[in-house]
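sequence and predicted model, in that order:
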Amino acid sequence: MPAQRKVPSDSILQKWVEEGLDHKQMQQRIKEQFGEDVALSSISGALSRAGLTNRVRYDEFIPWGRIALEHNHSYQLTMLRIAARLDKGLPVRDVDRRRFERWAAELKAKGVVVHYDYDTEEGWFYCPARPGVDTGLIRVPDENVKGS
């Protein structure tokens, strides 16, 4: 007899995707509403099987080749994902839009950008924006800077 399905139906998953929930938020909602502990990989697999995966690339906001698992739920990365969704005209919850706008305004006011270093424990850093180079939210990786 097959194991009982712990992940909600495809229609519920689709509703949550439309609400803008990330995998971690879905995991929490499954625990709260259904009393089930579900691995993030199970949620990812269910979304993929249902055709609900987000295949949109955010390279212009998240240009680093890879993000370490322990850095994947950082505030900075969340904000950069929201920036990319806004830039592409994708749905973003109002609360997340406001949170992003405050964060981006603070970065601009301080003259800093986000830098990522896979090989560090912290991963994410704020550093001074280089005039004429770092014109957005991120420190442009050196390999993308002309003349480097």
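Arrived safely, thanks for sending. Residues are numbered from 1 along each chain as shown.

from here on, contacts and neighbour counts on C-alpha atoms
Noted.

would you map the helices across the chain?
10-19, 23-34, 40-49, 75-87, 94-110 (DSSP state H).

contacts for the third one?
This means helix 40-49. 7, 10, 13, 23-24, 26-27, 53 (Cα atoms under 8 Å, 6 or more residues apart in numbering).

try it again with 10 Å
Here helix 40-49 makes contact (Cα atoms under 10 Å, 6 or more residues apart in numbering) with 6-10, 13-14, 17, 22-27, 30, 39, 50-55.

just the buried members of those?
Taking 16 or more other Cα atoms under 10 Å as the criterion, what is buried in the contacts of helix 40-49 is 6-7, 13-14, 17, 23, 26-27, 30, 52.

if I look at residue 59, how far off is residue 142?
Computed as Cα to Cα, to the nearest Å, the residue 59 to residue 142 distance reads 15 Å.

domains of the protein?
Per automatic domain parsing, the domain ranges recorded for the chain read 10-49, 69-144.

what's the least confident stretch among those?
Here the lowest mean pLDDT among these goes to domain 10-49, at a mean of 89.

does residue 114 really touch residue 74, like I thought?
No - using Cα atoms under 10 Å, residue 114 is not in contact with residue 74, being 11.8 Å away.

so these two - more neighbours on which side?
Ranked by neighbour count (other Cα atoms under 10 Å), residue 114 and residue 74 place residue 114 first, with 22 against 12.

and that one, what does it touch?
Applying Cα under 10 Å, 6+ apart to residue 114 gives the contacts 61-62, 76-77, 80, 107, 124-129, 134, 136-140.

just to revisit the earlier point, make JSON lines from the helices of the chain and add distance to residue 118 to it.
Below are those laid out as JSON lines (distance: least, Cα to Cα, whole Å):
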{"stretch": "helix 10-19", "distance to residue 118": "28"}
{"stretch": "helix 23-34", "distance to residue 118": "21"}
{"stretch": "helix 40-49", "distance to residue 118": "21"}
{"stretch": "helix 75-87", "distance to residue 118": "13"}
{"stretch": "helix 94-110", "distance to residue 118": "21"}
